[in-house]
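Student: Sequence plus predicted model, see below.
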Amino acid sequence: SSATAQMVESIVLDQKRLLPCAAWLDGEYGLSGMYCGVPCKLGKNGLEKIIEVELTGDEKAALKKSAEAVKQTMAAVTL
């Protein structure tokens, strides 16, 4: 609940804070069509920008592996 309060405060008060958020990716970090926890700038317009930080080769590989696991899980779920 503390993280939610920080997000709401940043949006309502237009603080433009950088916070970790689950954001829909459309090419950021080489990923598309899925939500992933990434650093985001939150302000009066909600999610104003996804911040792409420089990742090492090992970090990129770990992120890709995690994303593939999430995609497999999403594919197995039927609604």
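Tutor: Nice, I can see it.
Student: Show me what counts as buried in the biggest strand by length in the chain.
Tutor: Secondary structure assigned by DSSP state E gives strand 32-43 as the longest strand of the chain. Buried residues in strand 32-43, defined by neighbour count with 16 or more other Cβ atoms under 10 Å: Cys36, Val38, Cys40, Lys41, Leu42, Gly43. Where C-beta positions appear, they are placed from N, C-alpha and C, glycine not excepted.
Student: residues in contact with the closest residue to Val53 other than its chain neighbours?
Tutor: Spatial nearest neighbour of Val53, chain neighbours left out: Pro39 (6.4 Å); criterion: Cβ to Cβ, 6 or more residues apart in numbering. Residues in contact with Pro39, defined by Cβ atoms under 8 Å, 6 or more residues apart in numbering, are Leu18, Leu19, Pro20, Cys21, Ile50, Ile51, Val53.
Student: 6 Å instead?
Tutor: Applying Cβ atoms under 6 Å, 6 or more residues apart in numbering to Pro39 gives the contacts Leu18, Pro20, Ile51.
Student: Please flag which of these sit within helices.
Tutor: Judged by DSSP state H, helices contain none of the contacts of Pro39.
Student: got the residues you listed as JSON lines, with pLDDT columns?
Tutor: Output for the contacts of Pro39, formatted as JSON lines (pLDDT from 0 to 100):
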{"residue": "Leu18", "pLDDT": "97"}
{"residue": "Pro20", "pLDDT": "95"}
{"residue": "Ile51", "pLDDT": "97"}
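Student: Correct me if wrong: Asp14 contacts Asn45.
Tutor: No: Asp14 is beyond contact range of Asn45, at 8.6 Å (criterion: Cβ atoms under 6 Å).
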